[in-house]
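1. here is a sequence together with a model predicted from it:
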Amino acid sequence: MLNISASLLEDQFAKYFNAFLPLMIEILSNVESQTIQQKNLRARTIESIGILIASVAEQKEFTDSVKEVTDKLFALLDQQFDQDDPQELAIKETIAKISFFLQDDFHHVAPKFLGILIKDASLEVKITHQEAREGEVAAQNENETSMSFKVFGMENTQKILCNVSELETKIAAFSHIHKVAVAMGPGFKPYVDQVLPVLLRHLDYTSRAVRKFVLKTLPQLLTAKGEPENVALFRQLYDIIALKIIMAQKKENVKEMKLLFKGMFLCLRAIGENEEEKALFAAPEKLQTFGELMKASLVTVQRVKQSKMQDIDEMHQNVQIDDQDLQDVQAELSKITGAATYIGECADILMNVYKQDVTALMDDCVKFYFADALQAFRTISDSEVSTAAYFFIQYVTCCKKDTDKMMLYELCA
């Protein structure tokens, strides 16, 4: 109830801060950590502390109190937790929230906290394969989850086991690294080299949640680096992400392409909006290569979408589709074309930075896709229409000298 009240009242909750915080600290001081009920109470209390502090984020008169709480939480982290103890995750989540309050003042704990998070992020999650005993379906360990399946040619049922607790810890670590990087902004610069290696190692990690946090954090590192070092880091990241896109493209994995192009767009945006020297890429050949990558990816999206549309037509002909199926199909088509949306966003930044210098690149590599989309506006989603229209607005604004009345007609011809 306290958590809900603080969330709803937000800034107005500041006047209650000094009344409630000592009560939270008293609970942590007096309630033992023996039973699961006690552990849950302590964990909920720690979460409440995080919400209390978040509710007074703009009230810097509470800084001394927040620093004191931070030190107490770090002292709790020094103890050993059982895998089923919710306190450890609650403490780390609350410290991550505190970073938004302290910002530059978070430096006094940032090195230690990031060291803990990097250790968590580097956890090797155990995924094991074994034969299932007769009648066995569930995992024997409560911290594990299992999936059973039959393999052609093998007599016994096979089973894959995964330690869910370790995976949750790993995903949470990447989430917390992202939060601290966002909270500290340019102040995160001293820690970029500390966290970058573990981020890059997980760009193709099995968990999509981990990959998403990695790609959301990389732009924050560019912001932290600042000029001119951010451009050098961007060029390094571009080569790595572009290679991942090529691999996803070969597999026609359009969902992964969307994730990667979104990451590319966020990185471009982190430096492109303030970059006036047209030095995003080391050489014109690199820029052209990116154009070819966008083109090949858009062709892949078209091909996958066309294949899906053929499946839909067959379902219609066989009367196998109802209204619910149609909604599911529309959602699936949206996922297929998501990569194109972020390619359009990348193109937008290139046009804003390079202006008429990328007109030929846009003509050869990007324009065809959005022209086709506008011509088929009756059969595509509203979001696809708006994305295509926005591309052409930017194209006319940034890449064309003349703006005669026939221009848009010629653009889509």
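-> That came in fine, so what should we check first?
2. E227 in helix, strand or coil?
-> coil (DSSP: H, G, I helix; E, B strand; the rest coil).
3. lowest average confidence, helix or strand, in this structure?
-> Using mean pLDDT, DSSP states H and E, the weakest-scoring helix or strand in the chain turns out to be strand 144-149, at a mean of 52.
4. residue ranges of each domain in this structure, please.
-> Domain segmentation of the chain under automatic domain parsing yields 1-108, 127-162, 226-413.
5. what's the closest of the ones you listed to H178?
-> domain 1-108 (8.8 Å; C-beta to C-beta). In short, each C-beta sits where N, CA and C put it, glycine included.
6. show the subsequent helix or strand relative to the helix or strand hosting L266.
-> Under the criterion of DSSP states H and E, L266 resides in helix 254-272. Sequence-wise, the next helix or strand downstream of helix 254-272 (DSSP H and E) is helix 284-317.
7. what's the neighbour count on L28?
-> The tally of other residues near L28 (other C-beta atoms under 10 Å) stands at 18.
8. if I look at it, how far off is I46?
-> For L28, the distance to I46 equals 7 Å [C-beta to C-beta, to the nearest Å].
9. what sits against the residue nearest the centre of the chain?
-> Central residue of the chain (C-alpha atoms, centre = their mean): K212, 3.2 Å from the mean position. By C-beta atoms under 8 Å, 6 or more residues apart in numbering, the contact set of K212 is L259.
10. again, but for M24
-> T45, S48, I49, L52.
11. D104 too?
-> M184, G187.
12. okay, it: pLDDT?
-> Listed pLDDT for D104 reads 88.
13. pull out the buried residues from the helix holding L266.
-> Buried residues in helix 254-272, counted by 16 or more other C-beta atoms under 10 Å: 254, 256-272.
14. export stretch 281-292 as PDB, just CAs?
-> Extracted C-alpha coordinates of stretch 281-292, given in PDB (Å, rounded to 0.1, in the frame of the first residue of the first chain):
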ATOM      1  CA  PHE A 281      31.900   7.000 -40.600                       C
ATOM      2  CA  ALA A 282      35.700   6.600 -41.000                       C
ATOM      3  CA  ALA A 283      35.400   6.800 -44.800                       C
ATOM      4  CA  PRO A 284      32.800   7.300 -47.500                       C
ATOM      5  CA  GLU A 285      33.100   3.600 -48.400                       C
ATOM      6  CA  LYS A 286      31.800   2.800 -44.900                       C
ATOM      7  CA  LEU A 287      28.800   5.000 -45.400                       C
ATOM      8  CA  GLN A 288      28.100   3.300 -48.700                       C
ATOM      9  CA  THR A 289      28.500  -0.100 -47.100                       C
ATOM     10  CA  PHE A 290      25.900   0.800 -44.500                       C
ATOM     11  CA  GLY A 291      23.600   1.900 -47.300                       C
ATOM     12  CA  GLU A 292      24.000  -1.500 -49.000                       C
END
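15. chain center to that stretch: distance?
-> Chain-centre distance of stretch 281-292: 26 Å, with C-alpha atoms, centre = their mean, to the nearest Å.
16. if we look at that stretch, which residues are touching it?
-> Here stretch 281-292 has contacts from 235, 238, 242, 280, 346, 350, 354, 358, 361-362, 364-366, using C-beta under 8 Å, 6+ apart.
17. would you list those residues in JSON lines and tack on secondary structure?
-> Shown next, in JSON lines, are those (three-state DSSP):
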{"residue": "R235", "secondary structure": "helix"}
{"residue": "Y238", "secondary structure": "helix"}
{"residue": "A242", "secondary structure": "helix"}
{"residue": "L280", "secondary structure": "coil"}
{"residue": "C346", "secondary structure": "helix"}
{"residue": "L350", "secondary structure": "helix"}
{"residue": "Y354", "secondary structure": "helix"}
{"residue": "V358", "secondary structure": "helix"}
{"residue": "L361", "secondary structure": "helix"}
{"residue": "M362", "secondary structure": "helix"}
{"residue": "D364", "secondary structure": "helix"}
{"residue": "C365", "secondary structure": "helix"}
{"residue": "V366", "secondary structure": "coil"}
